[in-house]
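Novice: Have a look at this prediction, sequence included:
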Amino acid sequence: MKEIRTEDAVGHILCHDITQIIKDEKKGVLFKKGHVVKEEDIPLLLSVGKEHLFVWEKKPGILHENEAAEILYKICAGNSSKVHGTEIKEGKIEVVSKIDGILKIRRDALVAVNSLGEMMIASRHGDFPVKKGDKVAGTRIIPLVIEKEKMDAAEKAAGNLPIFDILPYQQKKVGIVTTGSEIKKGLIQDTFTPVLREKLSGFPTEVTGQVMPGDDKEAITKAILSFADAGADLIFCTGGMSVDPDDRTPGGIRDTGAKIITYGAPVLPGAMLLVAYLERNGRSIPVLGLPGCVMYAKRTVFDLILPRVMADDEIKAEEIAALGEGGLCLNCPVCTFPNCGFGK
């Protein structure tokens, strides 16, 4: 820290707040500690009686918090066109989404950077939807100045890819296979499909067809393959997912040759979920067996999986297994999902 003439302070960093007092009008901070003095600031500083200032001495290898914040933003976002940064304030930059989609986080890189100290990155939960304009993450350099070698270490710890990415939703053609002999025979009304259509309405989808093969396993298999061959990008099988002898949906999906990622999920409601991928005509088509709870429960495992499927974010078995922590919906009187602990 050194004292210099105010007229000579352009480009230097203030070591203390500068207060402005205007009788009956204002008493507050004119410039905050850490502010980089600009040419246009000089008349204001002189007007509050500051003819000398204490400033940080520029030293090789030392970065001001705002310079370091720009590096931290680069670590978070790279050159991504899917996010933008806010104006730097006191070493802080926020990362804001420019599109609707699913937030993906390289969690190992996030932990590695936050473990270095003197800098931080805080984000919303990954694998959940974000909308255009949503704040994705906030970053800050803790001290007023920081060694450049520490920011170099942060870049190395984070690796070559940005920590954050947003996968945009893709337009999908959807086929619906409604199982159950009671539906096929018209004994009861199909109340599942309207719920499914309502949930799909929040995404860029086109339902191209619905078939009702009853509980015939071969007919279920044929219906799935027919949708795939007709160009469906996503296939839902509703009902018939329990272990009852007449529930044939899991077997019908399996007989298509699809790769079963999971039959069962540590989530309530939604334990009987089936996730599979059908390789057909050079395409990988998600096939989801939806348990009955999707029809009547406000929030289920389907609300955790659907956005990811719509963004072509491949579902892995270990990710389903990890849903056990946070996988219990508390059925709150007033649902605030996704602003709650369900699925997190």
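Specialist: Everything's here; your move.

Novice: Just checking: what are the partner strands of the helix or strand harbouring Lys104?
Specialist: According to DSSP states H and E, Lys104 maps onto strand 101-105. Strand pairing for strand 101-105, determined by DSSP bridges: strand 129-130 (antiparallel), strand 164-168 (antiparallel).

Novice: Please state the offset of that strand from the chain centre?
Specialist: 3 Å (C-alpha atoms, centre = their mean, to the nearest Å).

Novice: try stretch 270-282
Specialist: Using C-alpha atoms, centre = their mean, the offset of stretch 270-282 from its chain centre is 23 Å.

Novice: Tell me which residues of that stretch come out buried.
Specialist: Neighbour counts over stretch 270-282 (16 or more other C-beta atoms under 10 Å) mark 270-278, 280 as buried. The C-beta positions use only the backbone N, C-alpha and C, and glycine is treated the same way.

Novice: still on that earlier bit, Gly186 is nearest to which of the strands paired with strand 101-105?
Specialist: strand 129-130 (37.1 Å; C-beta to C-beta).

Novice: about what we covered before: quick one: list the elements packing against the next helix-or-strand element following the strand holding Lys104.
Specialist: Using DSSP H and E, the next helix or strand after strand 101-105 towards the C-terminus is helix 107-114. For helix 107-114, the packing partners by 3 or more C-beta pairs under 8 Å, 6 or more residues apart in numbering; DSSP states H and E come out as strand 119-123, helix 148-158.

Novice: can you redo these as JSON lines with mean pLDDT, distance to Ala228 and mean neighbour count?
Specialist: Shown next, in JSON lines, are those (pLDDT from 0 to 100; distance: least, C-beta to C-beta, whole Å; neighbours: other C-beta atoms under 10 Å):
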{"stretch": "strand 119-123", "mean pLDDT": "97", "distance to Ala228": "37", "mean neighbour count": "18"}
{"stretch": "helix 148-158", "mean pLDDT": "97", "distance to Ala228": "40", "mean neighbour count": "16"}
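
Novice: could the ones you listed be laid out in CSV, adding distance to Lys199?
Specialist: Listed next are these as CSV, based on distance: least, C-beta to C-beta, whole Å:
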stretch, distance to Lys199
strand 119-123, 26
helix 148-158, 36
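
Novice: Could you list the domains of this structure?
Specialist: 2-56, 62-166, 172-324 (automatic domain parsing).

Novice: Quick check: mean pLDDT of the shortest one?
Specialist: In this case it means domain 2-56. Here domain 2-56 scores 87 as its mean pLDDT.

Novice: Go ahead and confirm Gly326 touches Phe337.
Specialist: No: Gly326 lies out of contact with Phe337 (C-beta atoms under 8 Å); the separation is 11.7 Å.

Novice: how many neighbours does Thr179 have?
Specialist: Thr179: 29 surrounding residues under other C-beta atoms under 10 Å.

Novice: for the nearest residue to it once chain neighbours are set aside, helix, strand, or coil?
Specialist: Once flanking residues are discounted, Thr179 sits nearest to Gly240: 3.9 Å by C-beta to C-beta, 6 or more residues apart in numbering. Using DSSP: H, G, I helix; E, B strand; the rest coil, the structure places Gly240 in coil.

Novice: which residues in this structure form helices?
Specialist: 42-47, 65-77, 107-114, 148-158, 181-184, 192-200, 217-229, 249-254, 293-296, 301-310, 317-321 (DSSP state H).

Novice: re earlier: run the angle between the strand holding Lys104 and helix 301-310 for me.
Specialist: 90 degrees (axes from the mean of the first three to the mean of the last three C-alpha atoms, to 10 degrees).

Novice: if you average pLDDT over strand 101-105, what comes out?
Specialist: 98.
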